[in-house]
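> I would like to see how this sequence folds:
(chains A and B)
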Amino acid sequence: MALAVLNGAIGDYLARTENPLATGMHLVVDGRPLVPGARALERAFPGATPVVVVFVHGLMCTETVWEREDGTSLATDLAARRAATSVFVRYNSGVPIAESGAALSRLVGEIVAAWPVPVAEVALVGFSMGGLVVRSAFAHSARHEAPWLARVKRAFYIGSPHLGAPAERLGRGLVGLLRAIPDPYTELAADLGDLRSDGVKDLGDGDLRAEGSAHPIPLPSSIEHFLFAGTLTEAIPFAQHLGDALVPVPSATFGAWAPGQVAPPHVRVFPGEGHLALPRSLAVSAAILEQWKEGR
Amino acid sequence: MTTEATEPPARGEKSALDLVAGLQALVEVAIEEGAKAVERVHLRSAGRTFDVLAAIPVVDAPSAFVRDVHDGIVGASYRTTRAVNRLVGRVLRAAFDAASRAPREGRALEVASEEEAAR
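From the prediction side, this is the model:
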């Protein structure tokens, strides 16, 4: 976990300097990395089903972010109710999101190619930054005509800042302010603030640009996209702008919902769910199961 | 999450020695860059006072001398800190290299003794 936090904070530097503390994008099974070869996948997933769900964690997290205290998770719910086999990825959340997206695209391609049974469907579930990594992976796979993209029918974004995170924009503004003051101490503080990783900086505007693509990159129309947002409380109107404390509701819903409006069918807002509670939430899990049934 | 993961060493898996070496590299850079940043702040802060003194006709000449001495001592102190840091870093890297080779050499000795025993 400490390594995940370090990667989120300065992972771009760790990757650039080839520091062994940098975490490359990889598949994780029971806390250990797994190269997705046919034999390894067969051994790791003896009951593999044709429906593969790829879970992508958020900034400074690992796959443990999905686990509930009782040992269950959204993955176990999907296995029991939708006969889906879940795989978890771990990655360096400090590198630019577009880089993580490209790595995820390649990894999912490897998983699908080596999966023990023919893959009928791939679904992706991203939490927070993970949702942006998923979107970026779609864009990368579309640009490179990756065959796995055709197997994706649905994607779920849980508390993902599609339109950016105000906390990072505030940090950016603060660093700019400190730098503008002609004082050695404030400049030092600005230098320290600027050490935050490219991944964190990308969160400010939800910037997923790569290879000259426009911002914001669109959601592929061939896939059903489900957007989930949390709010700390239902009672206070500004709580909807505050969202789950880190991601405002309009950002988590990619602008599909605003306070006072009725949420469209692919959008769900969960009152009383803070940011870190969302990936473990039973309500979110129930909504995903429901929307999976209603979807294609 | 499912069953056992296998086939080490897998992509992404790091030994404890790798992690310690990575941490050492990070701490070394933090000390190097941290010392440079603090030195800059130190010299600029002190420079404000010396700039004021330089504007006063009576003390401008002696304060310039004191400033030179001060800046020299400060520079030497931070350079020494960085030099010691780099030296410690080199020693530690050599130790990590030796430690990473040790198991392979140990295994080679084991194989050799097994072969001898077989003869």
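> from the chain's centroid, how far away is the strand or helix carrying A:Leu124?
Using DSSP states H and E, A:Leu124 sits within strand A:121-127. Centroid separation for strand A:121-127 versus its chain: 10 Å, with Cα atoms, centre = their mean, to the nearest Å.
> what element comes up after that strand heading to the C-terminus?
Trace forward from strand A:121-127 with DSSP H and E and the next one is helix A:129-143.
> for the next helix or strand after that next one, give me every contacting residue.
As assigned by DSSP H and E, the chain's next helix or strand after helix A:129-143 is strand A:152-158. With Cβ atoms under 8 Å, 6 or more residues apart in numbering or on different chains as the test, strand A:152-158 has contacts from A:121-128, A:131, A:134-135, A:138, A:222-228, A:252, A:254, A:278-279, A:284, A:288, A:291-292, A:295-296. C-betas here are computed from N, CA, C, even on glycine.
> and if you look at stretch A:172-182?
A:186-187, A:189-190, A:193-194, A:201, A:204.
> then it to CSV, C-alphas only?
Output of stretch A:172-182 as CSV, limited to C-alpha atoms (Å, rounded to 0.1, in the frame of the first residue of the first chain):
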residue,chain,number,x,y,z
ARG,A,172,-2.4,24.0,-9.1
GLY,A,173,-3.6,27.5,-8.3
LEU,A,174,-1.9,27.5,-5.0
VAL,A,175,1.4,26.5,-6.5
GLY,A,176,1.0,29.3,-9.1
LEU,A,177,0.3,31.8,-6.3
LEU,A,178,3.2,30.7,-4.2
ARG,A,179,5.5,30.9,-7.2
ALA,A,180,4.3,34.4,-8.0
ILE,A,181,5.4,35.7,-4.6
PRO,A,182,9.1,36.7,-4.9
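> sorry, back to before: buried only: go through the contacts of strand A:152-158 for me.
For the contacts of strand A:152-158, a burial check counting by 16 or more other Cβ atoms under 10 Å in any protein chain shown picks out A:121-128, A:131, A:134-135, A:138, A:223-228, A:252, A:254, A:278-279, A:284, A:288, A:291-292.
> ok so A:Thr233 is a helix residue?
No. If the criterion is DSSP: H, G, I helix; E, B strand; the rest coil, then A:Thr233 is coil and not within a helix.
> and it, how close does it get to chain B?
Using Cβ to the nearest Cβ, to the nearest Å, A:Thr233 is found at 33 Å from chain B.
> burial measure for that residue, as a count.
12 (other Cβ atoms under 10 Å in any protein chain shown).
> that one and A:Gly243, how far apart?
For A:Thr233, the distance to A:Gly243 equals 11 Å [Cβ to Cβ, to the nearest Å].
> and the residue in the stretch 101-250 of chain A that chain B sits nearest to, what's its pLDDT?
Residue of the stretch 101-250 of chain A nearest chain B, by Cβ to the nearest Cβ: A:Pro184 (4.1 Å). Listed pLDDT for A:Pro184 reads 90.
> helix, strand or coil for A:Ala277?
When classified by three-state DSSP, A:Ala277 comes out as helix.
> and it, what does it touch?
A:230, A:244.
> quick one: which helix or strand includes residue 52?
Here I'm looking at chain A. Using DSSP H and E, the element containing A:Val52 is strand A:51-56.
> could you do chain B instead?
Here B:Val52 is assigned to helix B:16-54, by DSSP H and E.
> would you tell me what the next helix or strand after that helix is?
helix B:60-118.
> mind giving me the packing neighbours of the worst-scoring helix or strand of chain B on mean pLDDT?
Within chain B, no helix or strand scores below helix B:60-118, which has a mean of 83 by mean pLDDT, DSSP states H and E. Secondary-structure packing of helix B:60-118 (3 or more Cβ pairs under 8 Å, 6 or more residues apart in numbering or on different chains; DSSP states H and E): helix B:16-54.
> now the spatially most central residue of chain A, nearest residue through space, not along the chain?
Of all residues in chain A, the one closest to the mean position by Cα atoms, centre = their mean is A:Gly130, 1.0 Å from it. Leaving aside its sequence neighbours, A:Gly130 sits nearest to A:Val56 (Cβ to Cβ, 6 or more residues apart in numbering or on different chains; 3.5 Å).
> I'd say the one you found and A:Leu132 touch.
No. A:Val56 lies out of contact with A:Leu132 (Cβ atoms under 8 Å); the separation is 9.3 Å.
> so what sits against both of these two?
A:Gly126.
> any buried residues in whichever strand or helix holds A:Leu174, and which?
Element membership for A:Leu174, per DSSP H and E: helix A:166-180. By neighbour count on 16+ other Cβ under 10 Å, the buried set for helix A:166-180 is A:166, A:168, A:171-172, A:175, A:178.
> next one: stretch B:49-60
Neighbour-count burial for stretch B:49-60 [16+ other Cβ under 10 Å]: B:50, B:53.
> ends of that stretch, what's the gap?
12 Å (Cα to Cα, to the nearest Å).
> likewise for stretch A:91-99?
Stretch A:91-99: ends 11 Å apart by Cα to Cα.
> pLDDT on it, on average?
Mean predicted confidence for stretch A:91-99 is 95.
> with stretch A:276-287 instead?
Per-residue scores along stretch A:276-287 average to 95.
> just stretch A:11-19 next, same as before
On average, stretch A:11-19 scores 94.
> for that stretch, buried residues please.
For stretch A:11-19, using 16+ other Cβ under 10 Å, the buried residues are A:11-15, A:19.
> that stretch and chain B, are they touching?
Yes. Figure legend: stretch A:11-19 in contact with chain B (Cβ under 8 Å from any Cβ of the partner chain); contacting residues A:14, A:17, A:19.
> strands - which of these land there?
Of these, none are assigned to strands by DSSP state E.
> and of the residues you listed, the nearest to B:Asp60?
Comparing the residues of stretch A:11-19 next to chain B against B:Asp60 with Cβ to Cβ places A:Thr17 closest, at 46.0 Å.
> quick check: buried residues in stretch B:60-77?
B:63, B:67, B:70.
> A:Ala155 and A:Val175, how far apart?
Plainly put, A:Ala155 is 33 Å away from A:Val175 if you go by Cβ to Cβ.
> same question but for A:Glu69, I mixed them up
From A:Glu69 across to A:Val175, the span is 38 Å (Cβ to Cβ).
> which intervals of the stretch 1-150 of chain A have sub-threshold pLDDT?
Residues of the stretch 1-150 of chain A meeting the criterion pLDDT under 70: none.
> how about the residues of it by chain B?
A:3, A:14, A:17, A:19-24, A:26, A:28-35, A:37, A:39-40, A:43-47, A:63, A:73, A:75, A:85-86, A:88, A:90.
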